[in-house]
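[1] Provide a 3D model corresponding to the input given below.
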Amino acid sequence: MIATNKRLLKSILSVSLCATVGFTALSLSTATQASAATEKSKELITYGEKYIGTPYLYGAIPYMTNAFDCSSFTQYVYDNFDISLPRSSSDQSAKGKKISKGYLSVGDLVFFNTNGIGISHVAIYAGDNKILHSAGKSVKISDMSTGYWKKSFVTARRVLS
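    Predicted structure coming up:
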């Protein structure tokens with residue numbers, strides 16, 4: 001009888017400890033919550049939308065505005081808001097705070113693996129599963145919930161405060 005009570009007590013303590021650790025982990029979670037679009041993030045999207053239709057050019061020279069590749073476009077748009085970004089999409093993916101896909105907010109940078117090797121594309125989250133980016137033939141808005149962008153999503157970063 002005493003051995004049974006000891007096993008039961010051990011089981012209860014074990015479950016209690018696991019539950020405590022689990023709830024503590026949840027409460028200390030570092031996941032950044034989604035935030036509503038701010039005036040600054042709306043201005044950023046509006047500014048970027050001025051370039052819709054601008055031709056895509058792989059390796060575009062930084063800060064030229066007659067053609068962009070994906071990372072020169074994000075670099076140029078964010079620079080207008082005094083946010084300095086590195087030149088490449090993979091380097092840009094190390095800036096700011098990591099954001100889960102479910103917590104995206106307007107103005108977040110979103111990164112994709114389009115070449116099978118690693119991060120190879122960057123876009124600006126425009127809300128409602130839309131991204132503003134330079135890809136294909138020009139700067140445009142695309143739906144990131146479609147097959148191509150959905151399957152190649154890697155990560156997101158918040159650089160806008």
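
[2] so which elements touch the one helix or strand Val110 maps to?
    Assigned by DSSP states H and E, Val110 falls within strand 109-112. Judged by 3 or more C-beta pairs under 8 Å, 6 or more residues apart in numbering; DSSP states H and E, strand 109-112 is in contact with helix 89-92, strand 121-127, strand 153-158. In short, each C-beta sits where N, CA and C put it, glycine included.

[3] quick check: mean pLDDT of stretch 73-85?
    Per-residue pLDDT values over stretch 73-85 give a mean of 98.

[4] list the contacts of it.
    For stretch 73-85, contacts defined as C-beta atoms under 8 Å, 6 or more residues apart in numbering pick out 40, 43-44, 47-48, 51, 62-63, 65, 68, 71, 86-87, 89, 92, 95, 109, 122-124, 133-134, 139, 159-160.

[5] just the CA atoms of that stretch, as CSV, please.
    Extracted in CSV, the C-alpha atoms of stretch 73-85 (Å, rounded to 0.1, in the frame of the first residue of the first chain):
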residue,chain,number,x,y,z
PHE,A,73,14.1,47.6,-53.6
THR,A,74,13.7,46.9,-49.9
GLN,A,75,17.0,48.6,-49.1
TYR,A,76,15.8,51.7,-51.0
VAL,A,77,12.3,51.8,-49.5
TYR,A,78,13.5,51.4,-45.9
ASP,A,79,16.3,53.9,-46.4
ASN,A,80,13.7,56.5,-47.1
PHE,A,81,12.5,55.9,-43.5
ASP,A,82,16.0,56.1,-42.0
ILE,A,83,16.4,52.3,-41.7
SER,A,84,19.6,51.0,-43.1
LEU,A,85,19.6,47.5,-44.6
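
[6] how far out from the middle of the chain is that stretch?
    Its chain's average C-alpha position is 16 Å from that of stretch 73-85, according to C-alpha atoms, centre = their mean, to the nearest Å.
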